[in-house]
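Student: what's the 3D shape of this:
(chains A and B)
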There are 2 protein chains.
Amino acid sequence: MPLIHKLPRWVQDYQRNNLAGDVIASIIVALLLIPQGLAYAQLAGLPPMAGLYASIGPLLVYGFVGTSMPQSVGPMAITSAMTAAALTPLATAGSPHYLILAATLTLLSGLILTGLGLLKLGQITRILSLPVVQGFSAGTALLIALGQTGSLLGTKWQGDTLPKLLQHLPSALAQLKPGTMILGVIGLLLLWLAGSERLSQHFARLRLPIKPELFSKILPLIMLCLLASMINWLNLTQYSKTLGPLPSAAFDLQSINLNSEALSNLLAPALLIGLAGFLQSITVAQQIASHKQQYIDPNRELLALGHCNLAAALFGGMPVSGGFSRTVVNSNAGAHTPLAGILSALWLVLALWMLLPYLAYLPQPLLAATIILATTKMISWQQFRKAWHFDRRDGTAWIMTFAGVLLTGPMLGIAIGIGIALLMYLLRSQQPHIAVVGRVPNSEHYRNVLRFQVETQPDILAIRIDENLYFANINQILEKINQQLANHPETKHLVLILSAVNSIDYSALNALQSWHNTLKTMHIELHLAEVKGPVLDTLLHGDLLSELSHPPFISTHAAMQTLALSCDSDYTI
Amino acid sequence: MPLIHKLPRWVQDYQRNNLAGDVIASIIVALLLIPQGLAYAQLAGLPPMAGLYASIGPLLVYGFVGTSMPQSVGPMAITSAMTAAALTPLATAGSPHYLILAATLTLLSGLILTGLGLLKLGQITRILSLPVVQGFSAGTALLIALGQTGSLLGTKWQGDTLPKLLQHLPSALAQLKPGTMILGVIGLLLLWLAGSERLSQHFARLRLPIKPELFSKILPLIMLCLLASMINWLNLTQYSKTLGPLPSAAFDLQSINLNSEALSNLLAPALLIGLAGFLQSITVAQQIASHKQQYIDPNRELLALGHCNLAAALFGGMPVSGGFSRTVVNSNAGAHTPLAGILSALWLVLALWMLLPYLAYLPQPLLAATIILATTKMISWQQFRKAWHFDRRDGTAWIMTFAGVLLTGPMLGIAIGIGIALLMYLLRSQQPHIAVVGRVPNSEHYRNVLRFQVETQPDILAIRIDENLYFANINQILEKINQQLANHPETKHLVLILSAVNSIDYSALNALQSWHNTLKTMHIELHLAEVKGPVLDTLLHGDLLSELSHPPFISTHAAMQTLALSCDSDYTI
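Tutor: Coordinates of the predicted model:
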């Protein structure tokens, strides 16, 4: 790996007084990762152990190549659900072939992210807008939570879309048994209570040497252990199935085969999973970094996450990404450097060695409850209302992505989201604003005639264009100008004010040029004013400038003064 | 059809003196449509007659619902090639099932266009930029011309992508026979000569009552008849296969079945073919209309082209669109109103009745030559060089679309083109420009400190943002501002000048808000200046404005004056 030609800076600059925080954070994150890893692996259709394997390698790798200090890499709910959605059509969940496909998917995802990073395309991944990301997360979270409800209540309820879930609802309901149901609901309630704000505040008053924010993460872990012990002790496992012995997920690295079939089936899912994971990672990393005034390089993060996925693939794991809540826990627990992550990995190895027999006693419904509690936090109508209130288009993007995910699943859902984000941006720039302007009396300022009391001249029409000119809006802008020309039939000079035009593309320039020819047949002279430097540079590559009778005017006022003089002289002739 | 609730305006306002032009144009266009219809039907994999059927209905319909006076609707090269690309994977070309699929495709395309028109989405179809349209046309034209070379030289050379064509090249070469080859090449040369500019100029000197531009269209038609007669008379048909008797393409309207299988296979191709056809139609219509100062309503044109395709489907035809060269011929030949198109349809019916037996004697290689001559005109390196010279990104879009079409065929090619156009626009707005500005001495003007001699104040940083703020560029803009803040560590007040910001989306506003929180921790106060009306309206929906210590300043100068005073008072305290 070319990235590690020397020890990372944080190792060289390591300060002793950071050690305590890093160690404590590493223990808490490792404890958190055990149930999360087991649960998310099951969500992805993999043997529980795959989730733990997928946690160790990436944590070690990220410590050496990542740029975010507290980032905690590992399996996440959304990428796990996407993995299941991508692979269940190709193989039976949990089968050896499924394991190989999962590792191949992870490998491809790692290669794609690394490739994007090497090409320095960190910015190109920003093709999802906030409403789309929120709608996607909420929709996927809802699907996951609904799917886990089956496991929670001890019945089989499967489906990666809402229609499929509804279709299987009757048979799932028929399988319900009162005992398992009651136990599942009680477990969910107790875990929810243990993680509630109010309980955390009570504990915070005890003035323990732990940050108050951490209680809501640690208490559910303790509750999980308590409940698991009780269920096993009271012999309630007939009502609440346990994980059972955890065989090491049989995986042979050489069985990964990047043949053309694997590529054609897995390339698109790998890209989308990689993209979704990276978006999550970079968002968390940048949010935490901005509060500490640290800088996150997106290209470097792409490389880091790519390498993490390669490491996950080597161990027969599943796609990994930085996760919001785990990273916040790590940061709040005192992690100052990536040493915390590296230590977490070591604790996990230790835990696998020592605790493995005990993990078998973890009840499945409790793991399902953990996932449900984590994902329902991501479903926020408040977010939708805010986006809708801000702008109907943003709200529409939110709800359409949400509905797209519910109806077609997370995999197609994110693709729909990308399309919607782009479409919304096009729609936004396709309602370009132009304003006929006139002179504010006794000044050099020119303002919209509709909003201000201004002076105009009958034979000179001055129009300000308030949008960048490009293929998708140029025709509408020209139509609007034509309408204004029709409203001002005496116009002999048309002045286009380009102060708010930041770019002109080739299509727009060509449309302008052929429109200019039409203007000539109407005996209207075209002038430009307040052209920005970069736009002027672009215009110099086309023929329009050379066809104008006058070079672009430095200001609207200069244009109006010069043209008024020339019109006067026209009259005197 | 709800559109025809009364006679169109051109019928009500018809002027007698337009009649001669309309009649002459109608005859010329009908003559042109016979070989074009036959050839394009074969290109689409359909029996030759399907092309003639597809011409009659649409011409009649367009006369009543279209808005372009000289538009000539019918089969076109690119949509025909796309039809073949869409259908050959589903059925054997020319088989009854293939005919039904073609009619279904045409029907779907008509329904989609009509639907888009009813939803008034005429503008949304402008998602292709000029370089993409040009690259797509050139690539498709090259594929068509190469494919027709086989028919011209009397050998079988098939494939809808360049790799497939290359793969079949050896077997095609092996089948070549000298006689057919020589005859094909001679036919191509003579047809090219008949259509050449130079010959037209010679004829123009004869001062016949025909526009000079029309000779290059009429002479090849005469040459085609001459060559066909000679080949049949000299009994050379063993070297140059003729069409043979033209059975009416057996088609039963009721065999169209819009079941879910047809929908899933044909919906995407129908959308892309409809889009490609509409783009061609609207471009031609608007170009001709702009010279005559007429107005073309895109939504009305969508409806019209949609109805034309529905009409084509009824007759068992193929997708139709307005074509560039045929419409120009129609216009140049004197067509003033859609009466010309309606008469063309009637001449075609007459021709089918009277000329049908003679069409059987048309040699296939000559039809291929007609297509080759028509399509090679669309392959222009000059276009690519111009786009590349204007802007590397536009040139890249051109060549990537061109290559995409050659490698994957016209169908996937246009989808690639749409993606590239959007990506290029995103890339363009992702290199946003910001400028630190200072005061031009003794004025109220503020300019870029890098380009002008201006005055700045150490504790006030004024930055002008030269781009709309949205999800894809907001992070880069904030990073650039952060860099400027790092370069100006004494900054206490940051003034963002938004004179060139025409819109802010929800993602950008949220990013601004969380960035503002970071600014607060750095004890830097944020101010806005020169916020446009629509942007201010948008900002009022968020929390940012209410968190500012001062409402947005009307001008940069006002901001600087006010802040300089407040800084002075800070010092005195």
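
Student: okay, CA-based contacts and neighbour counts for the rest of this
Tutor: Noted.

Student: so residue A:464 makes contact with residue A:435?
Tutor: Yes: Residue A:464 is within contact range of residue A:435, at 5.2 Å (criterion: CA atoms under 8 Å).

Student: check which residues of stretch A:548-566 are buried.
Tutor: For stretch A:548-566, burial by neighbour count (16 or more other CA atoms under 10 Å in any protein chain shown) applies to A:552, A:553, A:555, A:556, A:557, A:559, A:560, A:563, A:564.

Student: and the gap between residue A:75 and residue A:411?
Tutor: For residue A:75, the distance to residue A:411 equals 17 Å [CA to CA, to the nearest Å].

Student: neighbour-wise, which of the two wins?
Tutor: Shown here are residue A:75 and residue A:411; by other CA atoms under 10 Å in any protein chain shown, residue A:75 has more neighbours (32 against 25).

Student: now that one: phi and psi?
Tutor: phi -60, psi 140 (degrees, to the nearest 10).

Student: next one: residue A:495
Tutor: Per degrees, to the nearest 10, the backbone of residue A:495 is at phi -110, psi 120.

Student: got a pLDDT number for the closest residue to chain B within chain A?
Tutor: Proximity of chain A to chain B (CA to the nearest CA) peaks at residue A:500, 4.3 Å away. We have a pLDDT of 86 for residue A:500.

Student: quick check: the gap between the closest residue to it other than its chain neighbours and residue B:437.
Tutor: The shortest distance from residue A:500 to any non-neighbouring residue, by CA to CA, 6 or more residues apart in numbering or on different chains, is to residue B:500 (4.3 Å). According to CA to CA, residue B:500 stands 14 Å off from residue B:437.

Student: ok, now residue A:408?
Tutor: 50 Å.

Student: who's more crowded, these two?
Tutor: Of the pair residue A:408 and residue B:437, residue B:437 is the one with more neighbours under other CA under 10 Å, namely 24 against 17.

Student: what does the helix or strand encompassing the more buried one contact?
Tutor: In the assignment (DSSP states H and E), residue B:437 maps to strand B:434-439. Residues outside strand B:434-439 that contact it (CA atoms under 8 Å, 6 or more residues apart in numbering or on different chains): B:445-450, B:454-456, B:461-466, B:477, B:480-481.

Student: give me the subset of those touching chain A.
Tutor: The residues of the contacts of strand B:434-439 that also fall near chain A, by CA under 8 Å from any CA of the partner chain, are residue B:466.

Student: of the contacts of strand B:434-439, buried ones?
Tutor: Among the contacts of strand B:434-439, those classed as buried by 16+ other CA under 10 Å are B:446-449, B:454, B:456, B:461-466, B:477, B:480-481.

Student: so how far is the helix or strand residue A:115 falls within from its chain's centroid?
Tutor: Assessed by DSSP H and E, residue A:115 sits inside helix A:96-118. The chain centre lies 19 Å from the centre of helix A:96-118; the measure is CA atoms, centre = their mean, to the nearest Å.

Student: could you point out which element follows it?
Tutor: Beyond helix A:96-118 on the C-terminal side, the first helix or strand identified by DSSP H and E is helix A:130-152.

Student: other SSEs contacting that following helix?
Tutor: helix A:77-87, helix A:162-175, helix A:178-194, helix A:364-376, helix A:381-390, helix A:392-429, helix B:506-521 (3 or more CA pairs under 8 Å, 6 or more residues apart in numbering or on different chains; DSSP states H and E).

Student: show me what the first one is packed against.
Tutor: Think helix A:77-87. Under the contact definition 3+ CA pairs under 8 Å, 6+ apart, helix A:77-87 sits against helix A:19-43, helix A:96-118, helix A:130-152, helix A:260-291, helix A:392-429.

Student: can you list contacts of the helix or strand following the fourth one?
Tutor: Once helix A:260-291 ends, the next helix or strand along the chain (criterion: DSSP H and E) is helix A:298-314. Contacts of helix A:298-314 with the rest of the structure, by CA under 8 Å, 6+ apart, involve A:53-59, A:61-62, A:65-67, A:73, A:103-104, A:106-107, A:109-118, A:120-123, A:253, A:278, A:282, A:318-321.

Student: of the residues you listed, list those near chain B.
Tutor: Here is what survives when these are matched to chain B using CA under 8 Å from any CA: residue A:123.

Student: quick check on the contacts of helix A:298-314: which are buried?
Tutor: Buried among these (16+ other CA under 10 Å): A:53-59, A:61-62, A:65-67, A:73, A:103-104, A:106-107, A:109-114, A:116-117, A:122-123, A:278, A:282, A:318-321.

Student: give me phi/psi at the closest residue to residue A:41 other than its chain neighbours?
Tutor: Closest residue to residue A:41 apart from its sequence neighbours, by CA to CA, 6+ apart: residue A:51 at 4.6 Å. In terms of degrees, to the nearest 10, the main-chain angles of residue A:51 are phi -70, psi -30.

Student: burial measure for the residue lying closest to residue A:242 once chain neighbours are set aside, as a count.
Tutor: Counting by CA to CA, 6+ apart, residue A:242 lies nearest to residue A:363, which is 3.8 Å off, once chain neighbours are set aside. Applying other CA under 10 Å, we find 25 residues neighbouring residue A:363.

Student: and what of the one 5 residues further on?
Tutor: For residue A:368, the count of nearby residues is 27 (other CA under 10 Å).

Student: same question, the one 4 residues further on
Tutor: By the measure other CA under 10 Å, the count of residues near residue A:372 is 22.

Student: how close does it sit to residue A:288?
Tutor: Per CA to CA, residue A:372 is found 25 Å from residue A:288.

Student: same question for residue A:547.
Tutor: Distance from residue A:547 to residue A:288, by CA to CA: 54 Å.

Student: so for these two, which sits in the more crowded spot?
Tutor: residue A:288 (22 against 13).

Student: contacts only, for that one.
Tutor: residue A:328.

Student: tell me the contacts of residue A:539?
Tutor: Applying CA under 8 Å, 6+ apart, we find residue A:539 in contact with A:504, A:509, A:545.

Student: now the first one. Its backbone dihedrals?
Tutor: Recorded main-chain torsions at residue A:504 are phi -130, psi 130, according to degrees, to the nearest 10.

Student: and for residue A:344, nearest residue in space, chain neighbours not counted?
Tutor: Closest to residue A:344 by CA to CA, 6+ apart is residue A:26, at 4.5 Å.

Student: quick one: which of the buried ones among the contacts of strand B:434-439 is nearest to chain A?
Tutor: The closest of the buried ones among the contacts of strand B:434-439, once distances to chain A are taken by CA to the nearest CA, is residue B:466, at 6.0 Å.

Student: give the rounded mean pLDDT of stretch A:522-534.
Tutor: Here the average pLDDT along stretch A:522-534 is 89.

Student: ok, residues contacting it?
Tutor: Looking at what lies outside stretch A:522-534 - CA under 8 Å, 6+ apart - the contacts are A:491-499, A:501-503, A:516, A:519, A:548-556, A:559.

Student: how about exporting stretch A:193-205 as PDB, limited to the C-alpha atoms?
Tutor: Only the C-alpha atoms of stretch A:193-205 are listed here, as PDB (Å, rounded to 0.1, in the frame of the first residue of the first chain):
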ATOM      1  CA  LEU A 193     -35.600   3.000  28.300                       C
ATOM      2  CA  ALA A 194     -31.900   2.300  29.000                       C
ATOM      3  CA  GLY A 195     -30.900   4.600  26.000                       C
ATOM      4  CA  SER A 196     -33.400   7.300  26.800                       C
ATOM      5  CA  GLU A 197     -32.300  10.900  27.500                       C
ATOM      6  CA  ARG A 198     -34.100  11.100  30.800                       C
ATOM      7  CA  LEU A 199     -32.400   8.100  32.300                       C
ATOM      8  CA  SER A 200     -29.000   9.400  31.100                       C
ATOM      9  CA  GLN A 201     -29.700  12.700  32.900                       C
ATOM     10  CA  HIS A 202     -30.400  10.900  36.100                       C
ATOM     11  CA  PHE A 203     -27.100   9.100  35.900                       C
ATOM     12  CA  ALA A 204     -25.300  12.300  34.900                       C
ATOM     13  CA  ARG A 205     -26.300  13.700  38.300                       C
END
